[in-house]
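Undergrad: need a structure here:
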Amino acid sequence: MIPLLIDTDAGVDDASALMIALACPRVQLLAITTVHGNVPVRQATQNVSLVLDVMGREVPLYEGASRPLLGAPLDASDIMGPDGLGGVTAWTQPSMRQRRSSMAAVALVQWLTHQPESAQTHLVALGPLTNLALALALKPDLPRYVARLVIMGGTSEARGNASAVAEFNFFADPEAAARVLEAGFKDVWLLPWETSLRHPIAWSDFDALLFPENPRTRFLRHITGYLRQRLQNLGLPGMVLPDFLAMLVALYPECVQESLPVHATVETEGRLGRGLLAISWLPGVSTPNLHLVTRLDLQKGLEILRASLTDGN
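TA: Numbering: from 1, shown residues only. The predicted structure is shown next:
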């Protein structure tokens, strides 16, 4: 059982990632923290609570940063829906779960540093990296307590979805992303936007996931409807769920079929390049600081997602 912490901005793809984590027999899910990003942080906390309700799990939940280190927060309501979950909260009962009183950055430090040295705690970051950057400010040697860090963020080919060259999570808080990549975490795995685009779930395969009907498949169908329409209007051949893929990397490393050790930094000052993941491809120039995931076993991933959607009741 691997001790696991998840930091999330709780959009549609985050929800699918949380569902496989909550159903995974390999991990002990210690806590979930929320951050601004797809939606305001308070909504992100409510969204995580809804996923916990659907999955029938009790996990400590901490609310985190409501804005980036610099500037104003973004949102992805144009692609995820007004609540980040395709509008599902407009007709569902609000979750009555209570978040913990500690701020997310403080909770991350406490959970990581209070584990036994042999615990080998893993951390998955699915949204902007503000909470983790704040945790590093509180505890600069925090990387020594993290056995493995998996991040969804950045671009490997400068094909941005939030700007011409930047992916949403890194564009939402470039300073935090830069701080995290420079912090010295010993085993970092990064799932970039382009890898997500190369692994769409074909619409027919996605439809097959939604049967037989139960509370979990019904929830997934409802939250993905808005996103599906937007992606189909853009001409994409299937459902794109970056955070789901990142969670596969974290929980099922055997799904990783190809990764590249690279050194990467984040541009924070450029007028056009702010939030760009700048990768050094020159051999021998820089010591790699992360594994860039480029190819996964999507069929294995779909089997895992299908298993997580089996209603346990």
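Undergrad: Buried residues in the longest helix seen in the chain, which are they?
TA: As assigned by DSSP state H, the longest helix anywhere in the chain is helix 215-233. Residues of helix 215-233 classed as buried: R216, T217, F219, L220, R221, I223, T224, Y226, L227, R228, L231 (neighbour count, 16 or more other CB atoms under 10 Å). Every residue, glycine included, has its C-beta placed from N, CA and C.
Undergrad: quick one: V124 and S204, what's the gap?
TA: Distance from V124 to S204, counting by CB to CB, to the nearest Å: 29 Å.
Undergrad: got it, and T89?
TA: From T89 to S204 the distance is 29 Å (CB to CB).
Undergrad: More neighbours: which of the two?
TA: Under the criterion of other CB atoms under 10 Å, the comparison of T89 against S204 puts T89 first, with 20 against 8.
Undergrad: which SS state does that one fall under?
TA: Under DSSP: H, G, I helix; E, B strand; the rest coil, the three-state class of T89 is helix.
Undergrad: So for it, what's the nearest residue that isn't a sequence neighbour?
TA: D83 (4.4 Å; CB to CB, 6 or more residues apart in numbering).
Undergrad: now swap in R230 and tell me
TA: Nearest to R230 is I79, by CB to CB, 6+ apart, at 5.3 Å.
Undergrad: what's near enough to touch G225?
TA: G86 (CB atoms under 8 Å, 6 or more residues apart in numbering).
Undergrad: pLDDT wise, what is it at?
TA: With respect to pLDDT, G225 has a value of 97.
Undergrad: Report the separation between it and F206.
TA: Taken as CB to CB, the span from G225 to F206 is 11 Å.
Undergrad: just G154 next, same as before
TA: Distance, G154 to F206, by CB to CB: 25 Å.
Undergrad: If you count surrounding residues, which of those two has more?
TA: G154 (28 against 19).
Undergrad: Quickly note the distance from that one to M247.
TA: With CB to CB as the criterion, G154 and M247 are 17 Å apart.
Undergrad: pull the CA atoms of the host helix or strand of F170 into CSV?
TA: According to DSSP states H and E, F170 maps onto helix 168-172. Output of helix 168-172 as CSV, limited to C-alpha atoms (Å, rounded to 0.1, in the frame of the first residue of the first chain):
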residue,chain,number,x,y,z
PHE,A,168,-3.4,25.5,-18.6
ASN,A,169,-2.0,24.3,-15.3
PHE,A,170,1.4,25.9,-15.9
PHE,A,171,-0.1,29.1,-17.4
ALA,A,172,-2.4,29.5,-14.4
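Undergrad: Which secondary structure elements does whatever helix or strand comes next after that helix sit against?
TA: Per DSSP H and E, the first helix or strand lying C-terminal to helix 168-172 is helix 174-181. Judged by 3 or more CB pairs under 8 Å, 6 or more residues apart in numbering; DSSP states H and E, the packing partners of helix 174-181 are helix 130-138, strand 256-266.
Undergrad: could I get these as JSON lines with distance to D173, mean pLDDT and mean neighbour count?
TA: Shown next, in JSON lines, are the helices and strands packed on helix 174-181 (distance: least, CB to CB, whole Å; pLDDT from 0 to 100; neighbours: other CB atoms under 10 Å):
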{"stretch": "helix 130-138", "distance to D173": "5", "mean pLDDT": "98", "mean neighbour count": "24"}
{"stretch": "strand 256-266", "distance to D173": "10", "mean pLDDT": "97", "mean neighbour count": "16"}
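Undergrad: Turn the ones you listed into CSV, columns for distance to R179.
TA: Below are the helices and strands packed on helix 174-181 laid out as CSV (distance: least, CB to CB, whole Å):
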stretch, distance to R179
helix 130-138, 4
strand 256-266, 9
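Undergrad: which one of those lies closest to V180?
TA: helix 130-138 (5.3 Å; CB to CB).
Undergrad: give me every residue that touches L190.
TA: V150, I151, M152, G153, G154, A264, L277, L290, H291, L292, V293.
Undergrad: Go ahead and name everything in contact with the helix or strand hosting L29.
TA: Assigned by DSSP H and E, L29 belongs to strand 27-34. For strand 27-34, contacts defined as CB under 8 Å, 6+ apart pick out 1-10, 18, 21-22, 41, 44-45, 48, 57, 59-64, 99-100, 104, 107-108, 111, 115, 121-122, 131, 251.
Undergrad: and that strand, which residues are buried?
TA: For strand 27-34, by 16+ other CB under 10 Å, it's V27, L29, L30, A31, I32, T33, T34.
Undergrad: Repeat that for stretch 144-160.
TA: Under the neighbour-count criterion of 16+ other CB under 10 Å, stretch 144-160 has 145-156, 158, 160 buried.
Undergrad: which among those gets closest to L191?
TA: M152 (4.9 Å).
Undergrad: Pull the contacting residues for that closest one.
TA: Taking CB under 8 Å, 6+ apart as the test, what M152 contacts is A125, L126, N169, L190, L191, P242, D243, L245, A246.
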